[in-house]
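A.B. asks: Would you be able to build a 3D model of this:
(chains A and B)
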Number of protein chains: 2
Amino acid sequence: MRIAIIGTGVVGRTLAGALQRLGHDVVVGTRNPTETAGREEWAAAHVPLRALGMAAAGADLVVNATNGLASVAALGQVGSEHLAGKVLLDVANPLDFSQGFPPTLGIKDTDSLAEQIQRAFPEARVVKALNTVTASVMVNPAALGDGDTTIFAAGDDPEALQTVVGVLRELGWQDIVELDGLHNARGLEMWMGLWVRLMGALGKPDFNVKLVR
Amino acid sequence: MRIAIIGTGVVGRTLAGALQRLGHDVVVGTRNPTETAGREEWAAAHVPLRALGMAAAGADLVVNATNGLASVAALGQVGSEHLAGKVLLDVANPLDFSQGFPPTLGIKDTDSLAEQIQRAFPEARVVKALNTVTASVMVNPAALGDGDTTIFAAGDDPEALQTVVGVLRELGWQDIVELDGLHNARGLEMWMGLWVRLMGALGKPDFNVKLVR
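C.D. replies: So this is what the prediction gives:
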């Protein structure tokens, strides 16, 4: 699949590398490819860097791996015409660190970042997933609990949801809970409220939950 | 231990019965003991019903099992003089169902019900725990995943926290994550945002998570 990752932080880089190793045709979108290519971590990454709109133009799947508080603006630079009809996997969290750690949610529980993105880009097919774990766990679920922890995916478009579920399976996720309706992203983003505190208590970000039912 | 449960809903009744079976001296506080005693579910419960203040007066541990949006008012009727110095286990969630299901949080992520209770009753020693699971799971963790799921406890007072951890162990909890600081209750209450949606998706409330780290 042709996949465009939007965002050049650790999440974007980790997903880009993993999806490329799975055989996908991956490009990373950034405001300034020349500048990004000059950074040490990207020089070693061997993933093509493209300007934002160009990256998404040829993609089947666009991944929002930008800072959650800036995602709508960043995707605006990608361009609604390049997102129309695309599956848009939103892995970001609207974390507000302005008051220090732990962060608060910049979007409270009557809305979600994923829904804001969907409203801003109504022709995109937004799916929320992977935002509940740290980057290294996103692409290597086997590292925790013999691979038997749980990941969640929420979306309005059943076909887009299944596309994302397929990618999750390729990444090694076995226990995938599908939530029907993008509004469920509110719950997935609210999980961050506990996640950030558990990270503080455990002293590490590589943990997850197994949903026992 | 002398335990006063405040609240006569399913959570209060379930906790009262379980703690009584463990050998504790349990009373339940209610605005109108005569009225409560006349209800079918309490007629069969064999737990002493007391007026609110009287229930808490003789207790070592007070459990807030009232409706989260009314908890501060209900505990006000118990009386700050009857809560002073007591361990106050808050198991409630500030769920606002006024807009239907799923509920929103009546207290957003820059505060928590547990902290509001602590501020209203500064001499109580508030600990948040058990709010992350349904009543039947609170008292019977063995029913899920061979008993190996996770419960959380957060508080400012180390001794009060250990008192609650002891009660959790008696109830059968083996994997107890202690969070240092009552502010962590914000995360435990925000978990409800995902919990209520998982309840909807799973079609049942008896589930929990195992923290895999």
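A.B. asks: Lowest average confidence across helices and strands of chain A, where is it?
C.D. replies: helix A:40-43 (a mean of 90; mean pLDDT, DSSP states H and E).
A.B. asks: ok, A:Asn32 - contacts?
C.D. replies: A:Ala51 (C-beta atoms under 8 Å, 6 or more residues apart in numbering or on different chains). For the C-beta atoms, the positions are set from N, CA and C on the backbone; glycine is no exception.
A.B. asks: For the most centrally placed residue in chain A, report the pLDDT, please.
C.D. replies: Centroid-nearest residue in chain A, with C-alpha atoms, centre = their mean: A:Val91, separated by 2.0 Å. A:Val91 is assigned a pLDDT of 98 by the prediction.
A.B. asks: Can you name every helix or strand that the lengthiest helix in chain A contacts?
C.D. replies: The residue-count maximum for a helix in chain A (DSSP state H) belongs to helix A:185-202. Packing partners of helix A:185-202 (3 or more C-beta pairs under 8 Å, 6 or more residues apart in numbering or on different chains; DSSP states H and E): strand A:104-105, helix A:113-120, strand A:125-129, strand A:150-155, strand B:175-180, helix B:185-202.
A.B. asks: Out of these, which one sits most buried?
C.D. replies: Most buried of the helices and strands packed on helix A:185-202 by mean neighbour count (mean count of other C-beta atoms under 10 Å in any protein chain shown) is strand A:125-129; its value is a mean of 29.
A.B. asks: Dump the C-alpha coordinates for the longest helix of chain A into PDB.
C.D. replies: In PDB, the C-alpha atoms belonging to helix A:185-202 read as follows (Å, rounded to 0.1, in the frame of the first residue of the first chain):
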ATOM      1  CA  ALA A 185     -12.100   8.400  19.800                       C
ATOM      2  CA  ARG A 186     -13.200  10.500  22.800                       C
ATOM      3  CA  GLY A 187     -12.600   7.400  25.000                       C
ATOM      4  CA  LEU A 188      -9.400   6.500  23.300                       C
ATOM      5  CA  GLU A 189      -8.000  10.000  23.800                       C
ATOM      6  CA  MET A 190      -9.200  10.100  27.400                       C
ATOM      7  CA  TRP A 191      -7.200   7.000  28.100                       C
ATOM      8  CA  MET A 192      -4.200   9.300  27.900                       C
ATOM      9  CA  GLY A 193      -5.200  10.800  31.300                       C
ATOM     10  CA  LEU A 194      -4.400   7.500  32.900                       C
ATOM     11  CA  TRP A 195      -1.600   6.600  30.500                       C
ATOM     12  CA  VAL A 196       0.500   9.600  31.300                       C
ATOM     13  CA  ARG A 197       0.200   9.000  35.000                       C
ATOM     14  CA  LEU A 198       1.000   5.300  34.600                       C
ATOM     15  CA  MET A 199       4.100   6.300  32.600                       C
ATOM     16  CA  GLY A 200       5.100   8.500  35.500                       C
ATOM     17  CA  ALA A 201       4.500   5.700  38.100                       C
ATOM     18  CA  LEU A 202       6.200   3.000  36.000                       C
END
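A.B. asks: What pairs with the helix or strand just after it, parallel or antiparallel?
C.D. replies: Downstream of helix A:185-202, the next assigned helix or strand under DSSP states H and E is strand A:208-212. As defined by DSSP bridges, the strand partners of strand A:208-212 come to strand B:208-212 (antiparallel).
A.B. asks: Tell me how far the strand it pairs with lies from the chain's centre.
C.D. replies: Relative to its parent chain, strand B:208-212 has a centroid offset of 19 Å by C-alpha atoms, centre = their mean, to the nearest Å.
A.B. asks: residues in contact with it?
C.D. replies: Applying C-beta under 8 Å, 6+ apart, the external contacts of strand B:208-212 come out as A:144-145, A:148-150, A:198, A:207-212, B:132-133, B:137, B:141, B:144-145, B:148-151, B:175, B:177.
A.B. asks: Recalculate using a threshold of 6 Å.
C.D. replies: When contacts are defined by C-beta atoms under 6 Å, 6 or more residues apart in numbering or on different chains, strand B:208-212 is touched by residues A:144-145, A:149, A:208-212, B:133, B:137, B:144, B:149-150.
A.B. asks: Give me the angle between it and helix B:185-202.
C.D. replies: For strand B:208-212 against helix B:185-202, the angle by axes from the mean of the first three to the mean of the last three C-alpha atoms, to 10 degrees is 120 degrees.
A.B. asks: Send me strand B:208-212 as CSV with only the CA atoms.
C.D. replies: Listed next in CSV are the C-alpha coordinates belonging to strand B:208-212 (Å, rounded to 0.1, in the frame of the first residue of the first chain):
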residue,chain,number,x,y,z
ASN,B,208,-11.3,-5.0,33.2
VAL,B,209,-7.7,-4.5,32.1
LYS,B,210,-4.5,-6.1,33.0
LEU,B,211,-1.6,-3.7,33.0
VAL,B,212,1.2,-5.3,31.0
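A.B. asks: That one versus strand B:150-155: what angle between them?
C.D. replies: 80 degrees.
A.B. asks: Who are the contact partners of the most far-flung residue of chain A relative to its centre?
C.D. replies: Most distant residue from the mean C-alpha position of chain A: A:Arg213, 25.9 Å away (C-alpha atoms, centre = their mean). Contact partners of A:Arg213, counting by C-beta under 6 Å, 6+ apart, are B:202, B:207.
A.B. asks: Also A:Leu61?
C.D. replies: A:1, A:3, A:87.
A.B. asks: Of those residues, which is the nearest to A:Ala120?
C.D. replies: Taking C-beta to C-beta as the measure, A:Val87 is the one of those closest to A:Ala120, at 16.1 Å.
A.B. asks: Quick check, pLDDT for the closest one.
C.D. replies: Predicted confidence (pLDDT) for A:Val87: 98.
A.B. asks: for A:Asn140, same thing?
C.D. replies: Reading off the confidence values, A:Asn140 has pLDDT 98.
A.B. asks: what residues does whichever helix or strand comes after the least confident helix or strand of chain A touch?
C.D. replies: Next helix or strand after helix A:40-43 toward the C-terminus (DSSP H and E): strand A:49-51. Residues outside strand A:49-51 that contact it (C-beta under 6 Å, 6+ apart) are A:27-30, A:33, A:36-37.
A.B. asks: do that again at 8 Å, thanks
C.D. replies: By C-beta under 8 Å, 6+ apart, the list of residues contacting strand A:49-51 reads A:4, A:8, A:27-33, A:36-37, A:42.
A.B. asks: Show the buried residues in these.
C.D. replies: Buried members of the contacts of strand A:49-51, counted by 16 or more other C-beta atoms under 10 Å in any protein chain shown: A:4, A:8, A:27-30, A:33, A:36, A:42.
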